[in-house]
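> what's the 3D shape of this:
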Amino acid sequence: MIKSITSNYPVVKFTVFILTILLAGCSLSSPEPQDEQSIKLQIEERLKQEFGADTEITVQELTNRETDGNSDTVEVSVLIDEQVEGLSFGVNLQDRPPLRMDSVYRGEFLYEDKQWRLTDLLKVNDSSVTPKEGINASALVHPPGKVYVEGAPKVRTWKNEMVEENLDLENGIHTIFIYKEAENRMLEESGTVKYTFIFNKDTSKWEQTEEVRMDDWKRTYDIAGSWTYKTTSADGYYVTVKLHVSEVDQNGQITIRIDSNQINASILSGLDVKNSWTAEVSQDNPFTFISDETTYALTIPDEGQTNVLKLGDSIFRR
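Take a look at the predicted model:
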């Protein structure tokens, strides 16, 4: 019996040798899985590089983990809390506000050089995105200065005052009420304007969705009366044309009248106008009155800074 065991001894040694090689091979090809803390730290460091060192990153639950030899893929829930820099009073409309996000990321790890490395990190989705600041309301009250461009229309000057501001960050709604006032020779406007901004989660920016004049908004025109246009006729005679404009009624309508003999005897005879017609203020421009009875609009040029009216290209003065 002892002889039989001894005779098989080389076979036993060979078998042990093969098992040792196989076990060693398995240990080389299948490293120990990384622990959750290592996964969280690497993902946090990568997100810090993207969002900045001051951003608070909290890596939470790990889900959908798949480990296969030298690769490890996992999805993680991440809370990202960007910091507000200094004493901020809101962001400009074109800027992205600091955010608080609850997101899901997918991380891919590879075992290289005897350690696990994060090789790819992709966002899967955002379960919630909340702005931490609203619009800079002072930019509406005190807009930046305009750049003068030669030949461009004059810029109207408004006096603005903040009335009320309602900011709902959780639902992404920012409402601002501003009292506005502008006056010149022929038109005064004043009242409260409501601006509404909605936070767009897709672009991570505030977007203006509403600009509404409230019930206290009013306009006062000073254009009623007789206006005179002077020119020279083809045969060298001076021609004076009288334009009569009524008061602007509560519906924004006026009546315009030109003496009939002056239409026939003047350069205005080429205009497709009647002796009298009605016009109403344009919805797009309070300095323009338009009518279905003629293609020529009555306008207040230079936004009322000079005391003149225009009918077509003809200038009338008081």
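> Next, count neighbours for Val212.
Burial measure for Val212: 11 neighbouring residues, criterion other CB atoms under 10 Å. Heads up, the C-betas are built off the backbone N, CA and C, glycines and all.
> Am I right that it sits in a strand?
Yes. Judged by DSSP: H, G, I helix; E, B strand; the rest coil, Val212 forms part of a strand.
> same question for the strand of greatest length in the chain, mean pLDDT?
Secondary structure of the chain read by DSSP state E shows that its longest strand is strand 115-131. In this model, strand 115-131 has a mean pLDDT of 93.
> Equivalent analysis for stretch 173-185, please.
On average, stretch 173-185 scores 92.
> buried stuff in it?
Ile173, His174, Thr175, Ile176, Phe177, Ile178, Tyr179, Lys180, Ala182, Asn184, Arg185 (16 or more other CB atoms under 10 Å).
> What of stretch 283-298?
So for stretch 283-298, counting by 16+ other CB under 10 Å, buried means Pro286, Phe287, Thr288, Phe289, Ile290, Ser291, Thr294, Tyr296, Ala297, Leu298.
> Do me a favour and get the end-to-end distance for that stretch?
This stretch, stretch 283-298, spans 14 Å end to end (CA to CA, to the nearest Å).
> which residues sit against that stretch?
187, 189, 219, 245, 254, 256, 271-274, 277-282, 299-301, 303-304, 309-312 (CB atoms under 8 Å, 6 or more residues apart in numbering).
> what's around Glu56, how many residues?
Glu56, neighbours per other CB under 10 Å, totals 13.
> swap in the one 5 residues further on?
Neighbours of Glu61 under the rule other CB under 10 Å: 10.
> do you know how far it is from Ser77?
Relative to Ser77, Glu61 is positioned 5 Å away (CB to CB, to the nearest Å).
> sorry, back to before: give the other helices and strands that the longest strand of the chain contacts.
Applying 3 or more CB pairs under 8 Å, 6 or more residues apart in numbering; DSSP states H and E, one finds that strand 115-131 contacts helix 36-51, strand 99-112.
> Can you add mean neighbour count and distance to His142 and give those back as TSV?
TSV is the format used below for those (neighbours: other CB atoms under 10 Å; distance: least, CB to CB, whole Å):
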stretch	mean neighbour count	distance to His142
helix 36-51	15	31
strand 99-112	17	26
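> Bridged to the closest residue to Ser282 other than its chain neighbours, which residues?
Spatial nearest neighbour of Ser282, chain neighbours left out: Thr288 (4.3 Å); criterion: CB to CB, 6 or more residues apart in numbering. Under DSSP bridges, the beta-bridge partners of Thr288 are Thr299.
> Show the model's pLDDT score for Thr288.
94.
> Grab the nearest non-local neighbour of Glu207.
Here the residue nearest Glu207, using CB to CB, 6+ apart, is Asn200, at 5.1 Å.
> and what of Glu181?
Ser190 (4.2 Å).
> What of Asn64?
Using CB to CB, 6+ apart, the nearest residue to Asn64 is Glu75, at 4.4 Å.
> which SS class is Glu32?
coil.
> so who does Asn125 touch?
Ser103, Val104.
> on that earlier part again, which phi and psi values does the residue nearest to Asn64 adopt?
Dihedral angles of Glu75 (phi, psi; degrees, to the nearest 10) stand at phi -100, psi 140.
> thought it was touching Thr63?
Yes. Contact criterion CB atoms under 8 Å: Glu75 and Thr63 qualify, at 5.0 Å.
> These two - which one has more neighbours?
Glu75 (16 against 10).
> Kindly state the beta-bridge partners for that one.
Beta-bridge partners, per DSSP bridges, of Glu75: Thr63, Arg106.
> Many thanks, have a good one.
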